[in-house]
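Enquirer: no FASTA, just this:
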């Protein structure tokens, strides 16, 4: 028996490859299916099942394409009702994979179709659970993401309480927990950075699995402090339920190499958004006017989903040469399927063609400190409220990047705004959006709060908490 976790850091997402005696089950695959096909081919094994723990909201799963490519059967738990051919399992069903078995445990609460898959080894021993968004390490799934549910989040939380205590906590302490997500995912609020643990560890450390917790206490705790879900979540959940275009057709459309003239014409004719995915410093030094920066080397897909409000928006890509397919693929992971081409030769080709360029002023932390201490300036902190609460600059006002599209009235055309985040990635995204909206007096602080903290600028702290990454 082989169990492999295939973890994708950008989405903090775990897919799983289970193989026994020439047969394979894939759990919660990503949109691009080649890695799973390659593993099975190398091992001379056949993919028999594609198991979905629920209709994912934070990414588009590869279940449909994978089933078409392999003839595998898609499996959902009870209540799923997808718009395509799938086996809807009942609670307690057994699926045979070579010499091992997978038992279906219906665990509603995150969504009503949420299902945990229990792996039984060759001797029938309960070995591992693939818990989807029912149980994370340090947390449980949020109960407010069910697509078109007629239940309140409090009612769903009640179902989750019962599922955890009757299906999960009754398992042996040494059963391995393989969750669908880790720290950084918006599908929970308190996940640990580890990507696998055990039932015993979770019962000892997970706030939601306390033995003395009442259902009322559980409901209150899991529904308190939930940030609004990202804009694209319900759209991804609907795609996973109703179906989508194949990844091959999306790549074919998105990987059209365009000359600077062709790129410019396509932007004018289609009204496409120009998305620049290079490094923040490269973008600051020169970019196509009105383009938006979201760097491929940061939290790319989640920020695309949070900030590009039309999931069907045509997109033209500026990328470092050789990374165009990666960009189109990662857009498709979160349902942004309408890339229509890329700038052949990257930004250098645009520059060489003598096309118009724009820039954003970007200064060092020391230069920022000299300006900060000598004048009354407008400083905008675009981090999360929890980061701001831990420590922030005395003069800084908080406008989180997540909420920037709703806060345009907080900026003034005649005021010079100094933007910073934790490390420089999010502030450059914010600066690009503001610049595209017509704001010219913008300054990005390089290195963000991490670098600013090494200067003599005074800071204020309002609360203790956990530091979050960029």
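Expert: Right, received. Where do you want to start? Computed from a prediction, not measured in an experiment: that's the story for all the values here.

Enquirer: so which strand or helix has residue 39?
Expert: Take DSSP states H and E as the rule and residue 39 turns out to sit in helix 34-42.

Enquirer: so how far is that helix from its chain's centroid?
Expert: Between the centre of helix 34-42 and the centre of its chain there are 24 Å (C-alpha atoms, centre = their mean, to the nearest Å).

Enquirer: quick one: mean pLDDT over the helix or strand that that helix is followed by.
Expert: Proceeding N to C from helix 34-42, the next assigned helix or strand is strand 46-51, under DSSP H and E. The average of the pLDDT scores along strand 46-51 is 98.

Enquirer: ok and strand 46-51 relative to helix 34-42, angle-wise?
Expert: 140 degrees (axes from the mean of the first three to the mean of the last three C-alpha atoms, to 10 degrees).

Enquirer: for residue 262, what are its contacts?
Expert: residue 341 (C-beta atoms under 8 Å, 6 or more residues apart in numbering). Every C-beta, even on glycine, is put in place using the N, C-alpha and C of the backbone.

Enquirer: for it, give me the pLDDT.
Expert: 98.

Enquirer: any buried residues in the helix or strand harbouring it, and which?
Expert: Using DSSP H and E, residue 262 sits within helix 260-270. Buried residues in helix 260-270, counted by 16 or more other C-beta atoms under 10 Å: 260, 263-264, 266-267.

Enquirer: can you check stretch 78-86 too?
Expert: Here stretch 78-86 shows 78, 80, 82, 86 as buried, counting by 16+ other C-beta under 10 Å.

Enquirer: what's the burial count for the residue nearest to residue 339 when sequence neighbours are not counted?
Expert: Excluding the flanking residues, the one nearest residue 339 by C-beta to C-beta, 6 or more residues apart in numbering is residue 254, at 3.3 Å. Residue 254 has 24 neighbours, counted by other C-beta atoms under 10 Å.

Enquirer: for residue 254, what are phi and psi?
Expert: phi -80, psi -20 (degrees, to the nearest 10).

Enquirer: please verify my assumption that it contacts residue 317.
Expert: Yes - counting by C-beta atoms under 8 Å, residue 254 does reach residue 317; the two are 7.2 Å apart.

Enquirer: and for the two, which residues touch both?
Expert: 324, 328, 339, 341-342.

Enquirer: return the member of the buried residues of stretch 78-86 nearest to residue 303.
Expert: Closest approach to residue 303 among the buried residues of stretch 78-86 (C-beta to C-beta): residue 82, at 28.6 Å.

Enquirer: tell me the secondary structure at residue 251.
Expert: Following DSSP: H, G, I helix; E, B strand; the rest coil, residue 251 is assigned to helix.

Enquirer: can you map out the strands along the stretch 101-250 of the chain?
Expert: 115-120, 126-132, 176-179, 197-198 (DSSP state E, counting those that start in this stretch).

Enquirer: measure the residue nearest to residue 243 when sequence neighbours are not counted to residue 64 for me?
Expert: Distance criterion C-beta to C-beta, 6+ apart; nearest residue to residue 243, sequence neighbours excluded, is residue 84 at 5.2 Å. Plainly put, residue 84 is 6 Å away from residue 64 if you go by C-beta to C-beta, to the nearest Å.

Enquirer: any low-confidence regions in the stretch 51-200 of the chain?
Expert: Applying pLDDT under 70 to the stretch 51-200 of the chain picks out residues 147-148.
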